[in-house]
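Chemist: One predicted model, sequence on top.
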Amino acid sequence: MIKRIAVLTIPVLAALAVAGPAGAATATASLSLPLGTTAPTYSTYEVGYGATHADFSSVTMTTQLRSDVGAYSSSYQPYAELYNAANNPEVELIPTSNSATPVNSWNPNADNAPANVTAFKWHQGKPYPATSACYGNTDTRGCFYAGETVTLTVSYDKRTDQATMSVADKANGDEYSAYLDFTTAPGALTSVDVGDVWLQGFYSTPFSQAPATLAPVSSVVLANTAGLRAPMAFWSHFKEIMTSNGKSTGALEGTPGDLSWLGSNFTVNLK
């Protein structure tokens, strides 16, 4: 589906762009960014933002894991992905219940569904606190617990046809990292998704949640293959809204708040 976008040339773009890797293209007054909000998408389980109409090379999202037990009627799964019609390298935090039952701990995972990653590793900066829901967890992918602030990153390098994915708590050193070697070049990854999947809706059961607001999803930054990095709001973007039937006609179950802080932060609002 083709979506209309507006194009804005920003004379002081370099001041707004996030610094890229060494050797990457530098934002200048000659660069233009697609800017604007396109029509929202609807599902029975997903709340977040998407972006499209660019050849994306990376997406980074930071969020704080909130206590799920006693707070929400469903477990939730933070995620970030790059995708096109055939491929979707992604990283997510899977509730340790492996179900819609609320939990306070998550196992990191990466894939290009349905293919698994080529390899992964887990680095544990500190032992799991005895008071955390990860205490005693033996999953080789690692474990993150409520209260941690985590950064999810997915990157794709066209030169090597390799995707890398990670989840990291920079404060305590916990980090899951993985990579995927494509046997066939995936082509341009022209879309991005970030946000939360609510498993009660994903498993097609009624989402019975009282009104609630999660901590902001912050620092959502995208980059394209030209080396330009900028917050979500500076790309052609859209809201991903959760309703009872996955359509605009359904009862509203969850919606992302408006983008703030230079267009990189949003809240997740239920009901």
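Modeler: Okay, I see it.
Chemist: For the protein, give me the ranges with low pLDDT.
Modeler: 1-35 (pLDDT under 70).
Chemist: Now do the contacts for the residue positioned nearest the centre of it.
Modeler: Nearest to the geometric centre of the chain sits residue 80, at 2.5 Å (C-alpha atoms, centre = their mean). Going by C-beta atoms under 8 Å, 6 or more residues apart in numbering, residue 80 touches 59-61, 90-92, 152-154, 192-194. C-beta here means a position set from N, CA and C on the backbone, and glycine is covered the same way.
Chemist: How is it assigned, secondary-structure-wise?
Modeler: Put simply, residue 80 is strand when judged by DSSP: H, G, I helix; E, B strand; the rest coil.
Chemist: ok, residue 60 to residue 115 distance?
Modeler: Per C-beta to C-beta, to the nearest Å, residue 60 is found 23 Å from residue 115.
Chemist: follow-up on the earlier one: for residue 192, see how far away the residue nearest to the centre of the chain is.
Modeler: 8 Å.
Chemist: And the strands in the stretch 51-200 of the chain, which stretches?
Modeler: 56-64, 76-83, 90-95, 105-112, 115-116, 119-123, 144-145, 149-157, 162-169, 174-181, 191-198 (DSSP state E, counting those that start in this stretch).
Chemist: Could you export those strands as CSV, including distance to residue 262?
Modeler: As requested, the strands of the stretch 51-200 of the chain are exported to CSV (distance: least, C-beta to C-beta, whole Å):
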stretch, distance to residue 262
strand 56-64, 14
strand 76-83, 19
strand 90-95, 24
strand 105-112, 28
strand 115-116, 35
strand 119-123, 31
strand 144-145, 27
strand 149-157, 17
strand 162-169, 22
strand 174-181, 26
strand 191-198, 16
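Chemist: To residue 229, which of these lies closest?
Modeler: Counting by C-beta to C-beta, residue 229 lies closest to strand 56-64 out of the strands of the stretch 51-200 of the chain; the figure is 7.9 Å.
Chemist: Which positions within the closest one qualify as buried?
Modeler: 56-63 (16 or more other C-beta atoms under 10 Å).
Chemist: And for stretch 118-132?
Modeler: Using 16+ other C-beta under 10 Å as the test for burial, stretch 118-132 gives 120, 122, 128, 132.
Chemist: wait, isn't residue 149 in contact with residue 171?
Modeler: Yes - with contact defined as C-beta atoms under 8 Å, residue 149 counts as touching residue 171 (6.6 Å).
Chemist: Of these two, which one has the most company?
Modeler: Neighbours per residue, other C-beta atoms under 10 Å: of residue 149 and residue 171, the larger number sits with residue 149, 16 against 11.
Chemist: which residues does the more buried one bridge with?
Modeler: On DSSP bridges, the residues paired with residue 149 through beta bridges are residue 64.
Chemist: so residue 46 makes contact with residue 240?
Modeler: Yes - counting by C-beta under 8 Å, residue 46 touches residue 240, with 5.1 Å between them.
Chemist: hey, what's in contact with both of these two?
Modeler: Joint contacts of residue 46 and residue 240 (C-beta under 8 Å, 6+ apart) are 193, 195.
Chemist: follow-up on the earlier one: what would the buried residues of stretch 118-132 look like in a markdown table with distance to residue 39?
Modeler: Putting those into a markdown table (distance: C-beta to C-beta, whole Å) gives the following:
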| residue | distance to residue 39 |
| --- | --- |
| 120 | 36 |
| 122 | 40 |
| 128 | 43 |
| 132 | 41 |
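Chemist: quick check, nearest of those to residue 246?
Modeler: Looking across the buried residues of stretch 118-132 and measuring by C-beta to C-beta, the closest to residue 246 is residue 120, at 31.8 Å.
Chemist: in stretch 36-47, what counts as buried?
Modeler: Quick answer for stretch 36-47 (16+ other C-beta under 10 Å): 36, 38, 41-47.
Chemist: Mutual contacts of residue 80 and residue 192, please.
Modeler: With C-beta under 8 Å, 6+ apart, residue 80 and residue 192 have common neighbours residue 59.
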